[in-house]
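[1] Please work out how this folds:
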Amino acid sequence: MDPEALLAGFGLGFSLILAIGAQNAFVLRQGLARSHVFAVCLTCAVSDAILIAAGVAGFGALTQAVPGLEWGMRLFGAAFLIWYGARSLLAAWRGGESLRAGAGAQSLSRALATCLALTWLNPHVYLDTVVLLGAVSAQYADRLAFALGAMTASFVFFFGLGYGARLLAPVFARPGAWRVLETGVGLVMWAIAASLLLGG
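    Numbering: from 1, shown residues only. Down below sits the predicted model:
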């Protein structure tokens with residue numbers, strides 16, 4: 001296995017998911033609430049692994065060959081993010097719903113459904129993970145090593161984010177901090193939705 005390809009895949013994969021986006025904001029909130037953290041992190045990491053494998057296998061060409069597919073993905077993704085952002089902003093306005101870590105936890109099925117929607121309905125996931133990683137992997141003879149590096153980055157990042165969020169639990173014991181978080185999550189969701197609709 002080529003260590004250079006492995007490290008390149010890890011570095012690019014990590015950099016692509018480092019920015020706070022819809023999926024990351026959800027994982028952060030679940031980590032702070034200590035609600036189904038392992039299942040949520042595993043779902044995100046495995047989803048990324050599937051997308052990375054698809055990209056390295058050449059699926060990224062499909063989004064380029066069918067222009068209407070990308071636009072449809074953008075519309076669905078934006079609609080979901082607008083709805084989810086509105087829920088977060090409403091929770092921030094009401095306040096008092098999650099005053100302590102572990103309070104107000106949702107069911108496992110609902111958490112996973114939200115996690116899957118934020119992952120698979122987000123066109124940026126396909127454009128970055130599938131198309132970009134798939135294109136870059138073509139530069140390496142050992143594409144498998146590149147893919148494994150990128151997949152490892154996803155597992156490290158999501159589990160680090162989900163469980164590392166607990167270190168902030170004392171801060172979010174204050175109702176005001178939860179309201180700030182919910183407001184931030186809502187605005188992030190709406191900003192991403194706007195970028196999708198504007199073609200960014």
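[2] and the longest helix for this structure?
    Looking across the chain with DSSP state H, the single longest helix is helix 67-94.
[3] That one packs against which elements?
    Judged by 3 or more CB pairs under 8 Å, 6 or more residues apart in numbering; DSSP states H and E, helix 67-94 is in contact with helix 60-65, helix 108-120, helix 123-125, helix 175-197. The way it works is simple: take the backbone N, C-alpha and C, and place the C-beta from them, glycine included.
[4] Using a markdown table, lay out these together with distance to residue 33 and mean pLDDT.
    Formatted as a markdown table, those follow (distance: least, CB to CB, whole Å; pLDDT from 0 to 100):
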| stretch | distance to residue 33 | mean pLDDT |
| --- | --- | --- |
| helix 60-65 | 34 | 61 |
| helix 108-120 | 10 | 90 |
| helix 123-125 | 23 | 75 |
| helix 175-197 | 9 | 77 |
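[5] now this protein, which segments are flagged as low pLDDT?
    Scanning the chain for pLDDT under 70 picks out the ranges 19-20, 59-64, 66-70, 73-74, 77, 95-105, 172-173, 175, 196, 199-200.
[6] who's in contact with the residue most central in space within it?
    Closest residue to the average C-alpha location of the chain: residue 23 at 2.6 Å, with CA atoms, centre = their mean. Residues near residue 23 by CB atoms under 8 Å, 6 or more residues apart in numbering: 17, 44, 115, 118-119, 122, 125.
[7] and the two most separated of those?
    Greatest spacing in the contacts of residue 23, by CB to CB: 17 and 115 (14.0 Å).
[8] Next, the buried residues of the helix or strand that contains residue 41.
    Secondary-structure assignment from DSSP states H and E places residue 41 in helix 37-56. Neighbour counts over helix 37-56 (16 or more other CB atoms under 10 Å) mark 37, 40-45, 47-49, 51-56 as buried.
[9] Now do residue 41 against residue 164, distance only.
    Counting by CB to CB, to the nearest Å, the separation of residue 41 from residue 164 is 11 Å.
[10] Residue 112 now?
    Residue 112 is 21 Å from residue 164, by CB to CB.
[11] can you check residue 38 too?
    Applying CB to CB to residue 38 and residue 164 gives a distance of 14 Å.
[12] again, but for residue 133
    For residue 133, the distance to residue 164 - CB to CB - is 24 Å.
[13] more crowded one of these two?
    residue 133 (24 against 11; other CB atoms under 10 Å).
[14] isn't the more buried one right next to residue 15, touching?
    No - contact criterion CB atoms under 8 Å: residue 133 and residue 15 do not qualify, at 10.7 Å.
[15] returning to what we had before: what helix or strand is the residue nearest to the centre of the chain located in?
    With DSSP H and E as criterion, residue 23 is part of helix 22-33.
[16] Next, the angle helix 67-94 makes with that helix.
    Using axes from the mean of the first three to the mean of the last three CA atoms, to 10 degrees, one finds that helix 22-33 and helix 67-94 are set 30 degrees apart in direction.
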